[in-house]
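**Student:** Return a 3D structure for these sequence lines:
(one chain, ligands or ions: 2)
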Amino acid sequence: MNGSGANLAGCASCEGRCCREYNVHVTIADVRRLAAGMALHPREFVYLKEGKEEDNSDFRFKPGGPLYDLHLLHRPVTKGCVFLMEIAPGKARCGAYVHRPIVCATFPTSLAQGSVGIREKTLCGGPDSWNLATMDLPAYRRDIARNRAAWSEHLRMAREWNARVDASTRPATEEQLYDFILAAETSEDAEQADRSAPASS
Ligand code: SF4
Ligand code: SF4
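**Tutor:** Numbering: from 1, shown residues only. Ligands and ions are numbered 1, 2, ... in the order given. As a prediction, this is how the structure comes out:
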């Protein structure tokens with residue numbers, strides 16, 4: 001859900017379909033940002049979903065075993081994302097807004113030949129549901145680029161995890177994967193550390 005800022009009118013009249021009906025596949029950087037920002041352990045907001053070999057899925061737990069992807073949990077009663085706050089019947093907002101996955105922050109945009117556009121066939125109801133003229137397009141372009149870089153980094157880290165699993169004689173556990181994620185250092189962490197460092201004189 002992006003509309004708390006960029007598409008206030010459209011999202012205000014929508015019950016947050018994107019946050020109820022999509023399965024949100026997240027990166028290691030997203031999990032680390034959400035864990036730190038929301039003070040939660042990853043097991044409280046993500047689950048591992050078996051992926052398909054052809055989808056280039058992420059994490060293995062035993063040599064040659066199936067691959068799993070990290071997805072945001074949904075609440076069983078409302079069916080909404082675990083971070084979706086129900087504020088009134090038919091009205092909901094993202095409760096993790098500043099920490100939300102980059103894929104949520106960029107939804108429903110795409111980048112084609114350097115131009116930001118609204119994707120066809122989304123739950124928003126099509127390109128007319130958003131108004132490009134009111135959107136901060138440089139911010140979307142930056143976030144789409146950040147998302148692509150985060151996915152490259154995520155897949156590199158997943159290959160590192162899988163190599164460790166392949167070299168071990170014992171199957172790995174979900175808890176060990178979460179420990180690996182919480183101990184990882186992503187480029188987002190490095191940027192954050194740079195921003196927090198005192199300026200040199
Ligand atoms: S993190 Fe926020 S924006 Fe993303 S699916 Fe969940 S509630 Fe929606
Ligand atoms: S489906 Fe589209 S219009 Fe509805 S809340 Fe999500 S981003 Fe907003």
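**Student:** Quick one: name the residues of this protein near ligand 1.
**Tutor:** Neighbours of ligand 1 within the chain, by CB under 6 Å from any ligand atom: 1, 19, 24, 72, 81, 83-84, 94, 96, 100-101, 104. No exception for glycine: its C-beta is placed from N, CA and C like everyone else's.
**Student:** again, 5 Å this time
**Tutor:** Selection of the chain residues close to ligand 1 by CB under 5 Å from any ligand atom yields 1, 19, 24, 81, 83-84, 94, 96, 100, 104.
**Student:** Return the member of these nearest to ligand 2.
**Tutor:** Comparing the residues of the chain next to ligand 1 against ligand 2 with CB to the nearest ligand atom places Met1 closest, at 4.6 Å.
**Student:** Show me what from the chain comes close to ligand 2.
**Tutor:** Contact residues (CB under 5 Å from any ligand atom) of the chain with ligand 2: 1, 3, 10-11, 14, 16-18, 123-124.
**Student:** which among these gets closest to Arg148?
**Tutor:** For those, the closest approach to Arg148 (CB to CB) belongs to Cys18, at 20.0 Å.
**Student:** Give me the spatial nearest neighbour of the closest one, chain neighbours excluded.
**Tutor:** Leu123 (5.2 Å; CB to CB, 6 or more residues apart in numbering).
**Student:** Spit out the contact partners of that neighbour.
**Tutor:** 17-18, 21-22 (CB atoms under 8 Å, 6 or more residues apart in numbering).
**Student:** That one: which element?
**Tutor:** Here Leu123 sits in a region with no helix or strand, counting by DSSP states H and E.
**Student:** next one: Val165
**Tutor:** Counting by DSSP H and E, Val165 is found in helix 137-167.
**Student:** Which strands and helices lie in contact with that helix?
**Tutor:** Counting contacts by 3 or more CB pairs under 8 Å, 6 or more residues apart in numbering; DSSP states H and E, helix 137-167 packs against helix 28-38, strand 59-60, helix 102-106, strand 109-112, strand 115-118, helix 187-196.
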